[in-house]
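Novice: show me the folded form of this:
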Amino acid sequence: MSNETNNNSVWTDTKGIAKHFNLNPATIRKQRSKQIKNQLPFHKIGGSIRYNVIECEKEVEAKKYAYK
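Specialist: Residues are numbered from 1 along each chain as shown. Below you'll find the model as predicted:
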């Protein structure tokens with residue numbers, strides 16, 4: 001279950017969001033578990049971690065200064 005379309009939003013799992021941003025899934029998991037300041041926003045749905053791609057893109061855009 002990598003991608004789901006729901007109400008014009010795209011939800012994906014850790015592997016999907018890592019692929020979207022060209023990152024290693026382990027990096028995403030590490031940031032989430034250590035509660036890194038610039039982590040991507042996620043939702044825990046029924047025990048599964050899901051990312052809304054649109055929310056994540058907005059978050060990256062808003063915090064772009066932190067990555068320079």
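Novice: can you give me the strands in the protein?
Specialist: 3-6, 9-12, 43-45, 48-52 (DSSP state E).
Novice: check the offset of the second one from the chain's centre.
Specialist: Which is strand 9-12. 10 Å (CA atoms, centre = their mean, to the nearest Å).
Novice: ditto for the last one
Specialist: Distance of strand 48-52 from its chain centroid, counting by CA atoms, centre = their mean, is 7 Å.
Novice: buried ones in that strand, by neighbour count?
Specialist: 50, 51, 52 (16 or more other CB atoms under 10 Å). For every residue, glycine as well, the C-beta is placed using N, CA and C.
Novice: so which of those residues comes closest to residue 35?
Specialist: residue 51 (15.6 Å; CB to CB).
Novice: what does the pLDDT read for the closest one?
Specialist: For residue 51, the model assigns a pLDDT of 96.
Novice: also residue 68?
Specialist: Here the pLDDT value assigned to residue 68 is 55.
Novice: same deal with residue 5?
Specialist: Per-residue pLDDT puts residue 5 at 45.
Novice: what about the closest residue to residue 51 other than its chain neighbours, neighbour count?
Specialist: Leaving aside its sequence neighbours, residue 51 sits nearest to residue 17 (CB to CB, 6 or more residues apart in numbering; 4.2 Å). Using other CB atoms under 10 Å, residue 17 has 23 other residues around it.
Novice: so who does residue 17 touch?
Specialist: By CB atoms under 8 Å, 6 or more residues apart in numbering, the residues touching residue 17 are 28, 40, 51, 53, 56.
Novice: cool, residue 62 as well?
Specialist: No contacts exist for residue 62 under CB under 8 Å, 6+ apart.
Novice: how close does it get to residue 28?
Specialist: Using CB to CB, to the nearest Å, we find residue 62 at a distance of 18 Å from residue 28.
Novice: same question for residue 40.
Specialist: 7 Å.
Novice: residue 50 now?
Specialist: Counting by CB to CB, the gap from residue 50 to residue 28 is 12 Å.
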